[in-house]
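Trainee: A predicted structure for the sequence below; I have some questions about it.
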Amino acid sequence: MLLNHIKIAGRHLLRNKTYSVISIFGLALGLTAVFLITLYVHHELSYDTYHENASRIYRILHRHPGQAQAVASTPPILAPTIKQSIPDIEKVIRIDKSSNQNLYIRKGEQLILMNNLFYTEPEFFEIFTFPFIAGDPRTALASPNSIVISQKQADLWFPDENPIGKTLNVKMGPGNQDFQITAVLKDIPQKSFIRPEFILPISHILPDESDPYYDSWSSNNVNTFILTTETATKDRVAEKLQATVHPHLPENYQREYFIQAFNKMHLYSTHVKWGNFVTTGNIVYVYLFSGIAVLILLLACFNYINLSTAQAVARAKEIGVRKVLGANRKTCIKQMLMESYLVTVSAFVLSILFLETALPLMKDLLGWEIEFTFVENWFLLFIMVAILILSGFLSGVYSAFYLASLNPVLVLKDNKMIRSNSFFKRASITFQFIIFIALVTSSLVFYKQLTFARNKNLGYDKHHVLAVNIPNNRYNETCRVFRSELMQFPGIEQVSFTSTMPPAFGNWMSAKANAMEGLYDEFYMQNINADEHFQSALQFRVIQGNYFLPEISKHNGNDIVINESARQKFGLQDPIGQIVTIRDKQWRIIGVIEDLHLRSIYEQILPLYISMQPKYFQIAIRISPTDIPETMTTIQKTWKKVFQDEPIEYRFIDEEFDRIYRADARLGALFAGFTLLTIVLAAMGLFGLTLFSVKKRTKEIGIRKVLGGSISRIILMLSREFAVWVLIANILAWPLAYWGLNKWLQNFAYRIDLDWVTFALAGLAALIIALLTTSWLTVKAAKANPVEALRYE
Amino acid sequence: MIKLVNLEKYYANKFIKTFVLRDITLDIQQGDFLSIMGPSGAGKSTLLHILGMLDDMSGGEYYFMDEPVHKLKEKQRTHLHQQNIGFVFQQYHLIDDLTVYENLETPLLYKKVKTSERKSMVADMLDRFNIVAKKDLFPSQLSGGQQQLVAIARALIINPKLILADEPTGNLNSTQGEEIMQMLKTLNGQGTTIIQVTHDEKKAAYGNRIIHLLDGWMNNGR
């Protein structure tokens, strides 16, 4: 019986090629998209699941009271403080990923950057599950010159030898130090928040007891992780943490300390602005794409349903005959479901082929780091088969029950019983077009916003500017030599020293402007230190007064330049020469500059003051746009001459900005892809519906033509039917898209306005695509010889 | 074999009942060859469908081999029909996607006959109707007469006690029609009860009993 059903289904599909190709192809496209999203969601959800203690590990965060943004960098003194006083904490460790200063391994003349270098304490290996290939976890970090490396690094440096006991010569600051390899880590799964390749004892970066920062609560530079006891609850630990920390905090430095579960770090960390080790995911995108997957699956299934009910006239007779021959309702339903499963399974096979093609493409386009093989991933395979079963059922169940419930007598007598369930059809088409229009609108808005972000005037010229790290963070005479050497070359327009280069996230100082009776309340400011050349390096505009003058002797250390936002906050009409108090210190304002987007346009521009204290960490170099390669060679040569074997670390700031928007650009590309897919699916669905309605109305068209209806009037009649539904879809889709997009745009402090043109454009696109899809069938039907049509009955 | 008592069929439409069959009382014996005659719309086909359990009755009683069909559930009725009744239609109603062989096989599949048994039953039937050479052809590749032959073979394959034929020769030319009627006559001679609906006096004469329907009334049933 089963074989018989498959045979018939197969023959039926072969006989109706248009129908079968559309069904299978459409479903395969839909399934491919759904599987891609499944892979993505699975990837995102499976971060850090391999740690045995995952459910008991927490990271400590803090924030300004009442603010959403949090910081993961904590003071080093935190760990010893809470370890002693909170019994719920079993273990506590400090970790730092080298962010301030890069270390290099010396290999002859070469310096090789140590990527993914972590500093931590021995108990690291007891909290996290990082298996060792060689070495003892308890003693691995005991000595200050010990180093733990990953299997990958071991293979790289000591391909044919036992690496244990071997040394690596590391350039640390201005000097060198030998580290002895004490252990080798098994390579760490990719889906990991912490992925060390080198681990050093944290003592190298902690202040010692004589250091004034040793017990400072306001110097945040390490991550603190805790392992709670089996019996501890999250709330209790959080409460005790706050209670323990609070008395230690300085009067004018209030922070709210709290904890974040380790297994939420990957997806729930968008509010953590400082101290993340890696770029994190975003749970909103996981939900967003899951939602899109469900929609696409529905769209694809609706298509199949529409197409298969379009075939119902032909199938109904067969079902009628089968019932006469002794089939009951159940066997008929089984048969029809079998048929939809045949289609679904074919689509599934095809979609696996698509997936094989699409996956490398996704890796290239979107930077997805998703590896996938069926053999290893039985769980994913299981999910995919579950989706297959579900979609086969969704697709088949409607026509199965519909056809199986037909009365055989009436079906065999004439075809009157085959009413179109027009409500379902229209609803499904409308639904498809709602999704279609919403996605097209979103894609357009994404594109516009990203273009806006890329091209927005930042207040300065971000092109042809290099940011170079000052070696070992030490600004000194050598740096000034470097500047004067460099300035002699024609390709170099300006060289300036500064604490901070845009786009900066890491090292902002926040300072409190003291309240001034009757004028303003206290507020937070950002501070950068920069020399007198900073303005001509970045090329921003001075609104009032002037920037620091080249004749540096004219300034004393108390002169500052503020931005326009700061001027407004201070409430000063004519601020030049005014004295303000920031961080309890008196400053004299000498100039006001335009507001600069020193960070991405996600963020509001904050009040800023630029001071001249020589705490510089970066060199800004503006080069002329002509012959950039030659200029770069010059810079490198000069660097070598002045700084000798210090490695040069530089980046172009416009590229850095692009990097910030890359996640959004990817999201945009992904959306565009899914939009294209929905367009194809909706077109297919409409094609199916038109096929059905033309078939159903063949006789009517014939009669109309006999009665003198012109071809154009008949085409109009056939087209009007769905045009109305596309319009209704527009009306329903617009508010939906408006709501969603408005929400998305809230992410950006600076954003485009939603205008009706975009919405209208998407609606028009829908209408045009609908017309194009259907015209082929309607024109054919309208041109057909009416005699043929009437003989058909 | 079949006993109808005051059988009624009507379609209720808000306030009006449209009667198709009224007060039909009829006895059909095993081995009868009954012809139902009457003009279009007289209710002939409806009566046939009710006898074949494809359609419900609105009132009255129907006993099929002493089983009260009007009281049976759908499943039991399907079973009764599956085991005992073969259908032949004017439009043949073969399944287009199936070959001759598969068309013959289908009723056996629903009866859950074993594969080996099924093969020999289909082979027998092909042999008996002399259509072995055509077993792999699709209905569209056969003439009307041949299609009807296959349809009768298909109706017979379950070895039914009753064959219901709805204008079996209506779409055939006279020679083909004669052959089909001869075939039914022979089957009747072998003991199968046959009920046919027909317009044609000549075709009706093949039967041993004729009833006439007019506007749902049966006027000369005995």
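Mentor: Thanks, I have the structure now.

Trainee: where does the chain dip in pLDDT?
Mentor: Assuming you mean chain A. Low-confidence segments of chain A (pLDDT under 70): A:99-100, A:313, A:366-376, A:414-422, A:505-519, A:788-793.

Trainee: meant chain B, my bad for not saying
Mentor: Residues of chain B that meet the criterion pLDDT under 70 lie in B:220-222.

Trainee: got the residues of it near chain A?
Mentor: Residues of chain B found near chain A (C-beta under 8 Å from any C-beta of the partner chain) are B:45, B:49, B:52, B:54-55, B:74-75, B:78, B:81-82, B:87, B:89, B:91, B:93-98, B:102, B:105-107, B:109-112, B:154, B:158. Quick note: C-beta positions are derived from backbone N, CA and C, even for glycine.

Trainee: how close does A:Asn208 get to chain B?
Mentor: Not Asn; residue A:208 is Asp. Distance of A:Asp208 to chain B, given as C-beta to the nearest C-beta, to the nearest Å: 87 Å.

Trainee: Quick check: closest non-adjacent residue to that residue.
Mentor: Among residues not flanking A:Asp208 along the chain, A:Tyr214 sits closest, at 6.7 Å (C-beta to C-beta, 6 or more residues apart in numbering or on different chains).

Trainee: Mind telling me which residue is nearest the centre of the chain?
Mentor: This is for chain A. A:Ala663 (4.6 Å; C-alpha atoms, centre = their mean).

Trainee: actually it's chain B I care about, not the one you picked
Mentor: Centre-nearest of chain B using C-alpha atoms, centre = their mean is B:Leu164, 1.7 Å out.

Trainee: that older thread, so the residue nearest to A:Asp208 belongs to a helix, correct?
Mentor: No - A:Tyr214 is assigned coil when assessed by DSSP: H, G, I helix; E, B strand; the rest coil, not a helix.

Trainee: Just the buried ones among the residues of chain B next to chain A, please.
Mentor: Neighbour-count burial (16 or more other C-beta atoms under 10 Å in any protein chain shown) applied to those gives B:45, B:49, B:52, B:54-55, B:78, B:81-82, B:87, B:89, B:91, B:93-98, B:102, B:105-107, B:109-110, B:154, B:158.

Trainee: three-state assignment of the nearest residue to A:Thr74 once chain neighbours are set aside?
Mentor: Sequence neighbours aside, A:Thr224 is the residue nearest to A:Thr74 in space, at 4.5 Å (criterion: C-beta to C-beta, 6+ apart). Look at A:Thr224: counting by three-state DSSP, its state is strand.

Trainee: sorry, back to before: which strands or helices does the helix or strand encompassing the residue nearest to the centre of chain A pack on?
Mentor: Assigned by DSSP states H and E, A:Ala663 falls within helix A:653-696. Helices and strands touching helix A:653-696, by 3 or more C-beta pairs under 8 Å, 6 or more residues apart in numbering or on different chains; DSSP states H and E, are helix A:17-45, helix A:283-310, helix A:329-366, helix A:422-455, strand A:465-469, helix A:711-745, helix A:756-783.

Trainee: if I look at the residue of the stretch 451-600 of chain A found nearest chain B, how far off is A:Ala762?
Mentor: Nearest residue of the stretch 451-600 of chain A to chain B: A:Thr451, at 54.9 Å (C-beta to the nearest C-beta). Per C-beta to C-beta, to the nearest Å, A:Thr451 is found 17 Å from A:Ala762.

Trainee: State the number of residues packed around residue 156.
Mentor: Just so you know, I chose chain A. 13 (other C-beta atoms under 10 Å in any protein chain shown).

Trainee: Chain B is the one I meant
Mentor: 21.

Trainee: tell me the phi and psi of A:Glu209?
Mentor: Main-chain dihedrals, A:Glu209, degrees, to the nearest 10: phi -60, psi -20.

Trainee: I'd like to know how many residues surround it.
Mentor: A:Glu209: 7 neighbours (other C-beta under 10 Å).

Trainee: Likewise for A:Ser216?
Mentor: A:Ser216: 16 surrounding residues under other C-beta under 10 Å.

Trainee: Name the nearest residue to it, sequence neighbours excluded.
Mentor: That would be A:Pro75: by C-beta to C-beta, 6+ apart, it lies 6.2 Å from A:Ser216.

Trainee: Isn't the one you found up against A:Pro207?
Mentor: No - with contacts counted by C-beta atoms under 8 Å, A:Pro75 stays clear of A:Pro207, the gap being 9.9 Å.

Trainee: Settle it for me: which of those two has more neighbours?
Mentor: A direct count of neighbours by other C-beta under 10 Å for A:Pro75 and A:Pro207 places A:Pro75 higher, at 25 against 16.

Trainee: For the more buried one, which residues are in contact?
Mentor: Neighbouring residues of A:Pro75 by C-beta atoms under 8 Å, 6 or more residues apart in numbering or on different chains: A:Ser216, A:Trp217, A:Ser218, A:Ser219, A:Asn220, A:Asn221, A:Val222.

Trainee: just A:Leu549 next, same as before
Mentor: If you count contacts by C-beta under 8 Å, 6+ apart, A:Leu549 has them with A:Glu532, A:His555.

Trainee: tell me the SS of it?
Mentor: For A:Leu549, the assignment made with three-state DSSP gives coil.

Trainee: Quick check: the gap between A:Pro196 and A:Glu123.
Mentor: Note on A:Pro196: its distance to A:Glu123, by C-beta to C-beta, is 15 Å.

Trainee: how close does the residue in the stretch 351-500 of chain A that chain B sits nearest to sit to B:His93?
Mentor: Residue of the stretch 351-500 of chain A nearest chain B, by C-beta to the nearest C-beta: A:Val409 (4.7 Å). Distance, A:Val409 to B:His93, by C-beta to C-beta: 12 Å.

Trainee: what touches both of the two?
Mentor: Taking C-beta under 8 Å, 6+ apart as the contact rule, A:Val409 and B:His93 both touch A:Gly320.

Trainee: tell me, how many neighbours does the closest residue to B:His81 other than its chain neighbours end up with?
Mentor: Closest residue in space to B:His81, ignoring its immediate chain neighbours: B:Met53 at 4.5 Å, by C-beta to C-beta, 6+ apart. By the criterion of other C-beta under 10 Å, B:Met53 has 24 neighbours.

Trainee: Then A:Glu649?
Mentor: 13.

Trainee: isn't it right next to A:Asn472, touching?
Mentor: No - A:Glu649 is beyond contact range of A:Asn472, at 11.1 Å (criterion: C-beta under 8 Å).

Trainee: Quick check: phi and psi at B:Ala205.
Mentor: phi -70, psi -10.

Trainee: No further questions, thank you.
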